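Participant: Return a 3D structure for these sequence lines:
(one chain, ligands or ions: 1)
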Amino acid sequence: NIDFNVESIRKDFPILRREVNGKPLVYFDNAATSQTPQQVIDVIVDYYSNYNANIHRGVHSLSQEATDAYELARQKIQTHFNAAQPHEIIFTSGTTHGINLVANGFTSLLNEKDELIVSALEHHSNIVPWQMLCERTGAKLHVIPMNQNGDLDLSEYDKLLGPNTKLVFVNHISNALGTINPIKEIINKAHTVGAAVLVDGAQSCPHIKPDVQDLDVDFYVCSAHKICGPTGIGMLYGKEKWLKTLPPYQGGGEMIAEVTFKKTSYADLPHKFEAGTPNVCGGIAFGAALDYMNAIGFDAIANYENELLDYATKLLLEIEGVKIYGTAKKKTSVISFNVGNIHPYDIGTLLDKMGIAVRTGHHCAQPIMDYYQIPGTIRASFMFYNTREEIDYFISSLKKAVLMLS
Ligand code: PMP
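Facilitator: So this is what the prediction gives:
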């Protein structure tokens, strides 16, 4: 891809200049968290250097400036996801918080006759909050099964859907395998039985730009730290009708209209779901991270990352004993693999000695590992600032590690 100037992009990321164990860092753990460009770091420094203040309450100038910047960030997020209205964007601490907020909100809306559907490809954070909801309400949880390629079996999904289905939750992209799920089809089918759908966008947001109105999705959640933003901030998109229906998740300051000891009334959206002093700086930096990625362009990012994926997949498969888990036709730049019977942790440790950061283990998706009957995998995940040269070094280092361990 001649147009994509990765060398100039890499200059934006100070961390990519550091060494680990005496070797230049090769960062292939992007599915766990992404790195932060100088442009976003500058926004964080500027906030704490020049206008750090609590928002929404102060008459003073700093508070106004911080409030304006925070609300501008909300609008940037609204535009990015194409939400109809800014108050449909709720700031959260991340994907996990967003899912818990929705799961908690449904407590009073469900009973033991109701059924919920989850997919076999989920991260624990899109499983456990719903199991807890089922414990509170008596509702039943059904699972859309997966196949060997790491695709969902949608014919089974059709059989699970029925008049009692109230909610379906599925990730847009699997963090463990990289599979891109057909969420539009999943959403349309759920709507035919009147069920709402929550899409976990933690892994999709770094690679594609979702249009929540076109998807007609009811809830969409993500974390800024996966998209070149800081940790501790994320967003929940919810259709206005749903956000009006669900009760608040937490009580406190900012989320009220009026408080007396007899009765308290809640603030309008989005504040109803934003109790307490929020991560003001994080929200502003989240907006800056979206600006940064949009300036590069999500199509260019996806094209380049797909090239990296194809390149690395081909080279990996040339190594004897490599088995890649997740071979879906539609996938992003995540490769989960094992080499023979070598424990993933041992390979990960040796790669770290060579400066290479990969993830090893079950990737918070134990049901997927159970399906393949393995304890875990080595996961290399690429972002647009990675290069073919890094992949070459990774492959030669992996060969060395395998030789040492066999
Ligand atoms: N879902 C998926 C698919 C993820 O990859 C992750 C992060 N690994 C999460 C949910 C949870 O995100 P967070 O830890 O930022 O809340």
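
Participant: Every contact and neighbour count from this point should use C-alpha atoms.
Facilitator: Fine.

Participant: Contacts only, for the closest residue to residue 154 other than its chain neighbours.
Facilitator: The shortest distance from residue 154 to any residue other than its chain neighbours is 7.3 Å, reached at residue 144 (C-alpha to C-alpha, 6 or more residues apart in numbering). Residue 144 makes contact with 117-120, 152-154, 156-157, 160, according to C-alpha atoms under 8 Å, 6 or more residues apart in numbering.

Participant: just residue 395 next, same as before
Facilitator: 315-316.

Participant: again, only this time at 10 Å
Facilitator: Shown in contact with residue 395 (C-alpha atoms under 10 Å, 6 or more residues apart in numbering): 312, 315-316, 318-319, 389, 401.

Participant: what do you get for residue 309?
Facilitator: By C-alpha under 10 Å, 6+ apart, the contact set of residue 309 is 303, 331-335, 380-383, 388, 391.

Participant: Just the buried subset of the contacts of residue 144, please.
Facilitator: Of all the contacts of residue 144 considered here, the ones buried according to neighbour count by 16 or more other C-alpha atoms under 10 Å are 117-120, 152, 157, 160.

Participant: Which of those sits closest to residue 181?
Facilitator: Distance from residue 181 was checked for each of the buried ones among the contacts of residue 144 by C-alpha to C-alpha. The minimum falls on residue 152, at 7.4 Å.

Participant: Tell me who's in contact with that closest one.
Facilitator: For residue 152, the contacting residues are 119-121, 144-146, 179-182, 328, taking C-alpha under 10 Å, 6+ apart as the criterion.

Participant: any idea how far it lies from residue 332?
Facilitator: Residue 152 sits 16 Å away from residue 332, going by C-alpha to C-alpha, to the nearest Å.

Participant: how about residue 348, secondary structure?
Facilitator: Residue 348 falls in the helix class when you classify it by DSSP: H, G, I helix; E, B strand; the rest coil.

Participant: in the stretch 251-400 of the chain, which spans are strands?
Facilitator: Taking DSSP state E, counting those that start in this stretch to define them, one finds strands in the stretch 251-400 of the chain at 256-259, 264-266, 322-325, 334-339, 356-357, 359-361, 377-381.

Participant: okay, the ones you listed, which one's buried deepest?
Facilitator: strand 377-381 (a mean of 27; mean count of other C-alpha atoms under 10 Å).

Participant: relative to strand 334-339, how tilted is it?
Facilitator: 150 degrees (axes from the mean of the first three to the mean of the last three C-alpha atoms, to 10 degrees).

Participant: Please, where are all the helices along the chain?
Facilitator: Remark: helices assigned in the chain by DSSP state H are 6-10, 38-46, 61-81, 95-105, 128-137, 154-160, 183-192, 212-215, 240-245, 280-296, 298-317, 344-353, 366-372, 388-405.

Participant: who wins for neighbours among the contacts of residue 395?
Facilitator: Each of the contacts of residue 395 was scored by neighbour count (other C-alpha atoms under 10 Å); the top score is that of residue 316, with 24 neighbours.

Participant: In a markdown table: the contacts of residue 309, plus distance to the ligand and pLDDT.
Facilitator: Converted to a markdown table, the contacts of residue 309 look like this (distance: C-alpha to the nearest ligand atom, whole Å; pLDDT from 0 to 100):
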| residue | distance to the ligand | pLDDT |
| --- | --- | --- |
| 303 | 21 | 96 |
| 331 | 13 | 97 |
| 332 | 12 | 96 |
| 333 | 13 | 96 |
| 334 | 11 | 97 |
| 335 | 14 | 98 |
| 380 | 13 | 98 |
| 381 | 11 | 98 |
| 382 | 14 | 98 |
| 383 | 14 | 98 |
| 388 | 24 | 97 |
| 391 | 22 | 98 |
